[in-house]
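Asks: got a predicted structure here, sequence first:
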Amino acid sequence: MNLTLRQFEILLAAADASTFSAAANRLRISQPALSEAVRRIERETGLTLFERTTRSLRLTEDGRRLAAVARELLRDYRQAMERIASAAQGGRLTIAALPSVACAALPRALADFSRAQPSVEIAVHDVQHERALAMVQDGVVDMAVTIKPAQVDGFTFESVIADTAHLVCRRGHPLARNKNVRWRDLADHPFIGITAISSVRRLTDAAFVQSNIMIKPRYEVEQVPCAVALVEAGLGVTALPSLTFAMFKGRDLVMRPLAEPSLRRSVGVLTRTGRRLPTFAEAFKLAIRDSLKRSLSERY
């Protein structure tokens with residue numbers, strides 16, 4: 001059975017009309033042409049689709065079933081074509097972003113971009129670094145706003161800012177009195193760590209190695225807000241990049257730059273090498289670059 005969209009249209013026109021003549025008028029074809037088209041559909045399917053009389057036209061049980069299938073297929077086809085036409089007129093951009101970026105810089109970038117490109121539909125995935133890499137690699141997203149990957153083969157990374165690591169502690173904590181805090185100073189206090197799926201963990205692990213200290217987290221969580229909640233509860237201190245501050249704005253906490261070493265993570269736009277991006281993707285890159293820089297400057 002191999003019916004065309006046009007045959008489905010003819011079948012539905014006949015099913016919805018009281019006579020072949022009325023159906024032919026709706027389709028703007030002759031009545032003999034419509035009758036022949038219906039006979040071809042019946043030969044192709046091996047079914048009797050209509051009960052014909054001199055005055056009326058009525059679907060058989062098989063005809064009703066096939067008409068229902070035809071109606072659903074034509075509806076899906078038309079909706080799909082409408083989506084394609086809409087995308088051609090406006091466009092769609094898919095983005096992955098670190099949760100910290102999604103809170104700190106992405107809202108302003110999206111607002112600026114949407115004012116300039118109101119017809120572009122944007123899909124955002126706030127995910128951890130490793131997931132962002134996979135989504136870029138698999139073509140699920142057009143780009144990711146994340147840290148520089150350890151292996152850049154197959155990727156193109158455009159660095160935008162350098163995000164500095166900070167101690168985060170309660171206002172009454174002993175380390176809060178210090179203007180600058182060394183990584184080795186954290187060894188004397190319970191540490192709240194982020195799991196390995198987060199880009200933050202790469203930063204803290206590198207700092208501990210360079211400081212020649214061994215710190216085993218008292219608590220280990222996946223999300224920054226959870227780590228901050230444990231800090232607020234007096235269960236320890238943590239170390240977070242400055243872009244994450246937007247995730248706990250207004251909390252009664254103290255942030256101090258961490259030194260010896262002073263570590264930064266490079267944050268920028270990641271794309272898959274060779275992937276052809278929509279023409280408006282460059283405009284979004286400019287918007288996110290500007291917003292990232294402004295977000296970082298507002299924290300110092």
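Replies: Received it, and whenever you're ready, just let me know what you need. Numbers count the residues shown, from 1 in each chain.

Asks: and the helices in the stretch 51-200 of the chain, which stretches?
Replies: Here the stretch 51-200 of the chain has its helices, by DSSP state H, counting those that start in this stretch, at 61-89, 99-104, 106-116, 129-137, 199-210.

Asks: what's the closest of those helices to Thr273?
Replies: Set against Thr273 and scored by C-beta to C-beta, these come closest in helix 129-137, at 10.0 Å. Placement of C-beta: from N, CA and C, glycine included.

Asks: next, the angle from that closest one to helix 199-210.
Replies: Orientation check (axes from the mean of the first three to the mean of the last three C-alpha atoms, to 10 degrees): helix 129-137 against helix 199-210 gives 120 degrees.

Asks: return the list of helices and strands in contact with helix 129-137.
Replies: When contacts are defined as 3 or more C-beta pairs under 8 Å, 6 or more residues apart in numbering; DSSP states H and E, helix 129-137 packs onto strand 92-97, strand 121-126, strand 143-147, strand 155-170, strand 264-272.

Asks: pull out the buried residues from that helix.
Replies: His129, Arg131, Ala132, Leu133, Met135, Val136 (16 or more other C-beta atoms under 10 Å).

Asks: only C-alpha atoms, please: export it in PDB.
Replies: What follows is helix 129-137, C-alpha atoms only, in PDB (Å, rounded to 0.1, in the frame of the first residue of the first chain):
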ATOM      1  CA  HIS A 129      30.200  21.000  32.200                       C
ATOM      2  CA  GLU A 130      30.500  17.300  31.100                       C
ATOM      3  CA  ARG A 131      26.900  17.300  30.000                       C
ATOM      4  CA  ALA A 132      27.400  20.500  28.000                       C
ATOM      5  CA  LEU A 133      30.400  19.000  26.200                       C
ATOM      6  CA  ALA A 134      28.400  15.900  25.300                       C
ATOM      7  CA  MET A 135      25.500  18.000  24.000                       C
ATOM      8  CA  VAL A 136      27.800  20.100  21.800                       C
ATOM      9  CA  GLN A 137      29.600  16.900  20.500                       C
END
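
Asks: contacts for it next, please.
Replies: With contact meaning C-beta atoms under 8 Å, 6 or more residues apart in numbering, helix 129-137 is reached by 96-98, 125, 127, 140-141, 143-144, 146-147, 149, 154-155, 197-199, 202, 270-272.

Asks: that one - what's its average pLDDT?
Replies: Across helix 129-137, pLDDT averages out at 92.

Asks: out of the buried residues of helix 129-137, which comes closest to Val38?
Replies: Met135 (49.3 Å).

Asks: mind checking how far that closest one is from Phe284?
Replies: Distance from Met135 to Phe284, counting by C-beta to C-beta, to the nearest Å: 16 Å.

Asks: burial measure for the residue nearest to Gly234 when sequence neighbours are not counted, as a count.
Replies: Nearest non-adjacent residue to Gly234, counting by C-beta to C-beta, 6 or more residues apart in numbering: Arg170, 6.2 Å away. The number of residues packed around Arg170, counting by other C-beta atoms under 10 Å, is 19.

Asks: how near is Arg170 to Leu66?
Replies: From Arg170 over to Leu66 (counting by C-beta to C-beta), the distance is 71 Å.

Asks: repeat that for Gln79.
Replies: 21 Å.

Asks: those two: who's more crowded?
Replies: When neighbours are counted by other C-beta under 10 Å, Gln79 and Leu66 differ, and Leu66 comes out ahead with 23 against 10.

Asks: show me what contacts the residue nearest to Gly234?
Replies: By C-beta under 8 Å, 6+ apart, the neighbours of Arg170 are Ala176, Val231, Glu232, Gly234, Asp252, Leu253, Val254.

Asks: residues contacting the first one?
Replies: Neighbouring residues of Ala176 by C-beta under 8 Å, 6+ apart: Cys169, Arg170, Val254, Arg256.

Asks: bridging residues for the last one?
Replies: As for beta bridges, Arg256 partners with Leu167 under DSSP bridges.
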